[in-house]
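Asks: the following comprises the amino acid sequence and a computationally predicted model.
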Amino acid sequence: MQPPKPLTLIVATTPLFPAGEETTRLGIGLKGTLPWPRIKTDMSFFARVTSRPPTAGKTNAIIMGRKTYDSVPASLRPLAKRISVVVSRDTSGSVKEGVLKELEKRREKIATKAAEAAAVSGKTENVEPVTDAIVESSLDGALRALESKADVGKVFVIGGAEIYNATLGLERGVRVVMTNVVRKDGEPFECDTFFPVDSFEGWRAASSEEVSEWVGEEVDGQWKDDGDVKVQMVGFEKV
């Protein structure tokens, strides 16, 4: 039996140094959204990495909580060329109903654009990853649903904190691809939600070459300027 695919957590964090505490906390959210304005470097990295399948005919999956799903602009839900797996404890079925309605509208828009492009190019063949969505009541249920599909590529976990924490507790391969974010002026961001790992004790820092292999593009681990902030992509693997 093949071992389960490693899960890759995609997260953007900012280091905070609470007064009176010895450890750094990694902030990831504020009032249900990001602590910073959308960072072009990070957002484009996320889009490329999560939508790029390892081989043709496969589609990557992104697992998230309902609040994380709702934080995506409505016009982009569910995210194209990926299987969005929404974990929600909703027992009324309203979350699933809403997600599937959005999926239907999204597919219609994608099909319309594809038809327009085909009319211009004369090519009708479509080998792009599919756009799909699943709603499950638990992380275990989400993973079982994905493992039952033959066409799933890489599996990413994209938040929020509760889903990250549940994933970190699994007895399987887990990786973290992290975008570190700091202000150029040195001022900290205000955060009320934190990544459930602080020191990464018990983790192995991955090399730039390893992270590049995980995400399918070169990651050099260097700090880069983006407006008022600097960002750095790094990786860790659970040992």
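Replies: Now that the structure is in, tell me what you want to look at.
Asks: going forward, measure contacts between C-alpha atoms and count neighbours the same way
Replies: Noted.
Asks: check which residues of the helix or strand containing residue 106 are buried.
Replies: If you go by DSSP states H and E, residue 106 is part of helix 94-121. Neighbour counts over helix 94-121 (16 or more other Cα atoms under 10 Å) mark 95, 96, 99, 100, 102, 103, 106, 107, 114 as buried.
Asks: over to stretch 211-222?
Replies: Here stretch 211-222 shows 211, 212, 214, 215, 219, 221 as buried, counting by 16+ other Cα under 10 Å.
Asks: for the helix or strand of the chain with the lowest mean pLDDT, packing partners?
Replies: In the chain, the helix or strand scored least confidently by mean pLDDT, DSSP states H and E is helix 94-121, which has a mean of 92. Helix 94-121 sits against strand 132-136, with contacts defined as 3 or more Cα pairs under 8 Å, 6 or more residues apart in numbering; DSSP states H and E.
Asks: run through who's touching the strand it packs on.
Replies: For strand 132-136, the external contacting residues (Cα atoms under 8 Å, 6 or more residues apart in numbering) are 78, 80-88, 95-96, 99-100, 103, 142.
Asks: got a list of what residue 170 touches?
Replies: By Cα under 8 Å, 6+ apart, residue 170 has no neighbours at all.
Asks: hang on, it in a strand?
Replies: No - going by DSSP: H, G, I helix; E, B strand; the rest coil, the assignment for residue 170 is coil, not a strand.
Asks: let me have the buried residues of helix 94-121 in CSV, extended by distance to residue 187.
Replies: Below are these laid out as CSV (distance: Cα to Cα, whole Å):
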residue, distance to residue 187
95, 38
96, 41
99, 38
100, 42
102, 39
103, 40
106, 39
107, 42
114, 45
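Asks: among these, which one lies nearest to residue 225?
Replies: Checking the buried residues of helix 94-121 against residue 225 with Cα to Cα, the nearest one is residue 106 at 33.7 Å.
Asks: ok, the closest one - contacts?
Replies: 75, 76, 77, 78, 80.
Asks: please report how far it lies from residue 64.
Replies: According to Cα to Cα, to the nearest Å, residue 106 stands 18 Å off from residue 64.
Asks: now swap in residue 197 and tell me
Replies: Distance of residue 197 to residue 64, given as Cα to Cα: 18 Å.
Asks: higher neighbour count, the two?
Replies: residue 64 (26 against 13; other Cα atoms under 10 Å).
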